[in-house]
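Colleague: Kindly generate the corresponding structure for this input.
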Amino acid sequence: MSYDLIVVGGGVTGSSLAGRMASSGARVLIVERESKFRDRVRGEALQPWGVAEARKLGIAEILKETTAELLWFDQILNGELAFHRDLKATTMQGEPMWGFYHPQAQEVLLSRAAACGAEVLRAATLERVVAGLKPKVTISVGGGTLEYEARLVVLCCGRNPGLRSELGFATRRGSTPLLLSGVRLNRLPSEVNPAIAYVANDTNSGCVAALFPQADGYARAYFGYVPQTCARIQGDGDFSRFRELFTATAKKAIPFGDAQPVGPLASFECADVWVDHPYRDGIALLGDAAASSDPSWGQGLALGFRAARILSDELLADADWNRAADRYATSHDRDYSAVRLVTGWFYEIFQELGPDAEARRSRALPLIAQDPTRVPDVLFSGPDFPLDNHSRPRFFGEETQAAAVLP
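Modeller: Purely as a prediction, here's the structure:
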């Protein structure tokens, strides 16, 4: 019952890691809780830098079969189109965004991992993890329990602060500026362009509305709102309110028409939750278990694919997996910190309320309209986009303010 790698969680990130390692000759076990993946409200837009990571992982071609290519990004401010961005022409990777239905992508990637040689246990629940030189897991499956050991155990099973604490990882948490509601739609109006990712910010209310087309005429719609000013949107009975608030924020810039829900409607917190250095004693954390970025900025999938790629790169390059996983954790800290830093800046520009925020926008937005390169492109081009001491002042238009007071 011994493996090179045990991956707990067979979602898109865990299956991508497992498939790559199995195809390279490692003996891999995937432990997945769900017997069938179901629709839950979560991120389904993969940023261009995440598409590039999928290519490096070797999963792009099979994943692409389930996706819609979003070649353009429409940024809408207070009901008016601010930017119509050609993503392939303007991102570092020269890639579009992808929109896909999460359960379908999970099944495709888990099946691919099995075809690459990974063993898969489904309807299996993690009961216990013991760290060490040969970490062990106890799994409940089929009415009994089994124990396995491995050179490395990777936990890719979502946010579980209790489990992380038991293993000695300290969980850190940011504030919750928004709640984000989401629902899958069909019967989209003909005005929806299936190659455009739509995002609308209302700087007067702090709200955000977004629509990301998917394959076969579907889309995922999101509405983010300040919890102090709006009752929680939750359940099928709230769809009419979701539609009303979405339309009020996007106005006519995002067509909604008579679109209908085809899945659950729910809200979740927009908060950064992370651990520093997600590796210790034979246990690596991956995906949301390592860090979940504020979902209103859509970085989670790309971060997960990048983490899977870097961890597999390190493991395949070094026979000492303790050393390799430690390097992965160092890289993860750097990448996630860059994303968290820049999403914080974006919140200050596009979502924060109050007179200071209004003054900030009145200074920054006209300059950005004249020169879009003022925006640090981390959210589309990823953490490899260069940042320096001038990045924030240039984004906020503060270098012109500093120049104005010089003698």
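Colleague: contacts and neighbour counts: CA atoms only from here.
Modeller: Fine.
Colleague: so where's the protein uncertain?
Modeller: 400-407 (pLDDT under 70).
Colleague: And the spatially most central residue of it, how close does it get to residue 7?
Modeller: By C-alpha atoms, centre = their mean, the mean C-alpha position of the chain lies nearest to residue 300, the distance being 1.3 Å. To residue 7, residue 300 is 19 Å away according to C-alpha to C-alpha, to the nearest Å.
Colleague: again with residue 61
Modeller: Residue 61 is 23 Å from residue 7, by C-alpha to C-alpha.
Colleague: Pick out whichever of those two has more residues nearby.
Modeller: Taking neighbours as other C-alpha atoms under 10 Å, residue 61 and residue 7 compare with residue 7 leading, 27 against 10.
Colleague: Regarding that one, what is its secondary structure?
Modeller: The three-state label given to residue 7 by DSSP: H, G, I helix; E, B strand; the rest coil is strand.
Colleague: and what of residue 347?
Modeller: Going by three-state DSSP: residue 347 is helix.
Colleague: Can you give me the distance of the nearest residue to residue 107 once chain neighbours are set aside to residue 227?
Modeller: Computed as C-alpha to C-alpha, 6 or more residues apart in numbering, the closest residue to residue 107 that is not its neighbour in sequence is residue 37, at 7.2 Å. Relative to residue 227, residue 37 is positioned 30 Å away (C-alpha to C-alpha).
Colleague: Next, count neighbours for residue 320.
Modeller: 12.
Colleague: what's the answer for residue 252, then?
Modeller: There are 12 residues near residue 252, going by other C-alpha under 10 Å.
Colleague: residue contacts, it?
Modeller: By C-alpha atoms under 8 Å, 6 or more residues apart in numbering, residue 252 lies in contact with residue 79.
Colleague: Could you say which helix or strand holds it?
Modeller: Using DSSP states H and E, residue 252 maps to neither a helix nor a strand.
Colleague: if I look at it, how far off is residue 330?
Modeller: Counting by C-alpha to C-alpha, the gap from residue 252 to residue 330 is 45 Å.
Colleague: any idea how far the helix or strand hosting residue 307 is from the chain center?
Modeller: Per DSSP H and E: residue 307 is located in helix 300-317. Mean-position distance between helix 300-317 and its chain equals 14 Å (C-alpha atoms, centre = their mean, to the nearest Å).
Colleague: Stretch 260-273 too?
Modeller: 13 Å.
Colleague: do stretch 362-380 as well
Modeller: 23 Å.
Colleague: Send over that stretch as PDB, restricted to the C-alpha atoms.
Modeller: Output in PDB follows, covering the C-alpha atoms of stretch 362-380 (Å, rounded to 0.1, in the frame of the first residue of the first chain):
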ATOM      1  CA  SER A 362     -10.600  60.600 -10.000                       C
ATOM      2  CA  ARG A 363      -6.900  60.800 -10.100                       C
ATOM      3  CA  ALA A 364      -6.100  57.300 -11.500                       C
ATOM      4  CA  LEU A 365      -8.800  56.500 -14.000                       C
ATOM      5  CA  PRO A 366      -8.400  59.300 -16.500                       C
ATOM      6  CA  LEU A 367      -4.700  58.500 -16.600                       C
ATOM      7  CA  ILE A 368      -5.400  54.800 -17.200                       C
ATOM      8  CA  ALA A 369      -7.800  55.700 -20.000                       C
ATOM      9  CA  GLN A 370      -5.000  57.600 -21.700                       C
ATOM     10  CA  ASP A 371      -2.500  54.900 -21.100                       C
ATOM     11  CA  PRO A 372      -3.700  51.400 -20.200                       C
ATOM     12  CA  THR A 373      -0.200  50.100 -19.600                       C
ATOM     13  CA  ARG A 374      -0.400  51.900 -16.200                       C
ATOM     14  CA  VAL A 375      -2.300  48.900 -15.000                       C
ATOM     15  CA  PRO A 376       0.000  46.200 -13.600                       C
ATOM     16  CA  ASP A 377      -1.100  43.200 -15.700                       C
ATOM     17  CA  VAL A 378      -0.700  40.500 -13.000                       C
ATOM     18  CA  LEU A 379      -4.400  39.500 -13.200                       C
ATOM     19  CA  PHE A 380      -4.100  38.600 -16.900                       C
END
